[in-house]
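Student: predicted model, plus sequence, below.
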Amino acid sequence: MNYKETIDWLENIPTSFDSNYNNYELKLNSIKSFLDFLGNPQDNLKIIHVGGTNGKGSTCHIISSILQEHGFSTGIFSSPHIYDFKERIKINSNYINENFIVDFVNDNYEYILKNDLSFFEISFAISLCYFRLKKPEYSIIEVGLGGRLDATNIIKPLISIITNIGFDHKKFLGDNLVDIAKEKAGIIKIETPIVIGESNNQLNKVFEDLASKLNSKLYYANQKKKRYKTDLKGLYQSKNINTAITALQKISSLEIKEVIILRGIKNVIKNTKLIGRWQIIKKKPNIIFDVAHNLNSLELIFQQLKNIDGEIRVVFGTLNKKDQLKCLEIFPKSYKYYLCSPNVKRALNLDILKNHADKLSLNNQSFKTVKQAFDKALKDSSQLDTIIVTGSFFVVSDLKNNLF
């Protein structure tokens, strides 16, 4: 298989569940066995493990940028990708080599089929084998879903990070924040420091009790309200920056300097190629792509939009997750909405989305594709307007050819 054929084959393997979110099984046995088969590529890697509800990917990339400015090479494994599978696995700002992915799948094809591995398990294993080959000085691993039984939780990190706790993936993680926090807390390891990005009086005891039981030092990020000079344009990134700084300061074997930290914060996109986070694609009209996809992250998006003059046009589509329609209840009624359905089996049905928007008296139109919704928003806009494309990684992905 060539690269395209390999990715097509991989993307036809179940994520871990089907399009109706059934047949989902959180487990670690299969990934442990696969990594044993591969010679345990995670051994000897210096790993930073990042979990939480929102900001995981950004925090990984901020950490990478700061470490790079200190002269260290870094590997990043994050998910999902937006345009190309290679985005998931990077050394500094360089995507994984296509030939490595092809060779890995070809070499392990029979094992993968025989053992019914998921897409995420395979992706994670590829990253570890690539890092073993390239030998980055630090490997930054983002949790896929949850924490306790996520495939990434077989690693032994230098430090673990939980950015925050919010509602997402309720079907798998629980209907309340305490249950979700317990799942996320599963990445806390024995005698390994843990950093909590956002303190929450309702949830702190969950983390503190487990950290005490495992004899692990727990730290809360210093969420000082400081404006950093950074190429990240989302105002919400300040919390992720503070979390990243706190985590790096708590790695005992690492010496970091304030002036170099600031340089790393300034150059996150330059150093890592992070995309899809308040990414300004064009001006006049302003076009912004952001992969916010749950209630808490969308609240942050709308908070920042309040500071922008002109008409706000929102191109919105999302996935069919439990209680996902509740997101619409925070949508400002003064905005114009262009509802759509991303091109994935798990997309929220467009009729259901529109019906709920109508019940809430939102000014909306619906379109069968993201491209159609975006084109109409663009046609309706003056140079003073702002178009934001959001609701899912897959909505942004569908506009791959609209990057101007």
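Tutor: Looks like it arrived, so ask away. Residues are numbered from 1 along each chain as shown.
Student: which residues does the lengthiest helix in the chain contact?
Tutor: Of all the elements of type helix in the chain, the one with the most residues (DSSP state H) is helix 98-115. The contact list for helix 98-115 (Cβ atoms under 8 Å, 6 or more residues apart in numbering) reads 1-3, 6-7, 9-10, 13, 30, 33-34, 37-38, 85-86, 117, 122, 125-126, 129-130, 133. For every residue, glycine as well, the C-beta is placed using N, CA and C.
Student: show me the helices in the stretch 301-404 of the chain, by range?
Tutor: For the stretch 301-404 of the chain, helices defined by DSSP state H, counting those that start in this stretch occupy the ranges 350-359, 370-380, 393-397.
Student: in a markdown table, list the ones you listed along with distance to residue 294.
Tutor: Listed next are the helices of the stretch 301-404 of the chain as a markdown table, based on distance: least, Cβ to Cβ, whole Å:
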| stretch | distance to residue 294 |
| --- | --- |
| helix 350-359 | 15 |
| helix 370-380 | 19 |
| helix 393-397 | 12 |
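Student: save the ones you listed as CSV, and put in mean neighbour count and distance to residue 338 too.
Tutor: Below are the helices of the stretch 301-404 of the chain laid out as CSV (neighbours: other Cβ atoms under 10 Å; distance: least, Cβ to Cβ, whole Å):
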stretch, mean neighbour count, distance to residue 338
helix 350-359, 16, 11
helix 370-380, 19, 4
helix 393-397, 23, 11
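Student: residue 266: which of the ones you listed is closest?
Tutor: Nearest to residue 266, of all those, is helix 393-397, at 24.5 Å by Cβ to Cβ.
Student: how far off centre is that closest one?
Tutor: Centre-to-centre, helix 393-397 and its host chain are 12 Å apart (Cα atoms, centre = their mean, to the nearest Å).
Student: mean confidence for the longest helix of the chain?
Tutor: Mean per-residue pLDDT for helix 98-115: 97.
Student: and the helix or strand following it with helix 98-115, angle?
Tutor: Using DSSP states H and E, the helix or strand that follows helix 98-115 towards the C-terminus is helix 119-134. Orientation of helix 119-134 against helix 98-115 (axes from the mean of the first three to the mean of the last three Cα atoms, to 10 degrees) gives an angle of 130 degrees.
Student: CA atoms of helix 119-134 as PDB?
Tutor: What follows is helix 119-134, C-alpha atoms only, in PDB (Å, rounded to 0.1, in the frame of the first residue of the first chain):
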ATOM      1  CA  PHE A 119      -7.700   3.100  15.000                       C
ATOM      2  CA  PHE A 120      -6.500   5.000  18.100                       C
ATOM      3  CA  GLU A 121      -4.500   2.100  19.500                       C
ATOM      4  CA  ILE A 122      -2.700   1.800  16.100                       C
ATOM      5  CA  SER A 123      -2.100   5.500  15.900                       C
ATOM      6  CA  PHE A 124      -0.700   5.600  19.400                       C
ATOM      7  CA  ALA A 125       1.600   2.600  18.700                       C
ATOM      8  CA  ILE A 126       2.900   4.300  15.500                       C
ATOM      9  CA  SER A 127       3.800   7.400  17.500                       C
ATOM     10  CA  LEU A 128       5.700   5.500  20.200                       C
ATOM     11  CA  CYS A 129       7.700   3.500  17.500                       C
ATOM     12  CA  TYR A 130       8.500   6.800  15.700                       C
ATOM     13  CA  PHE A 131       9.700   8.400  18.900                       C
ATOM     14  CA  ARG A 132      11.900   5.400  19.600                       C
ATOM     15  CA  LEU A 133      13.500   5.800  16.200                       C
ATOM     16  CA  LYS A 134      13.800   9.600  16.300                       C
END
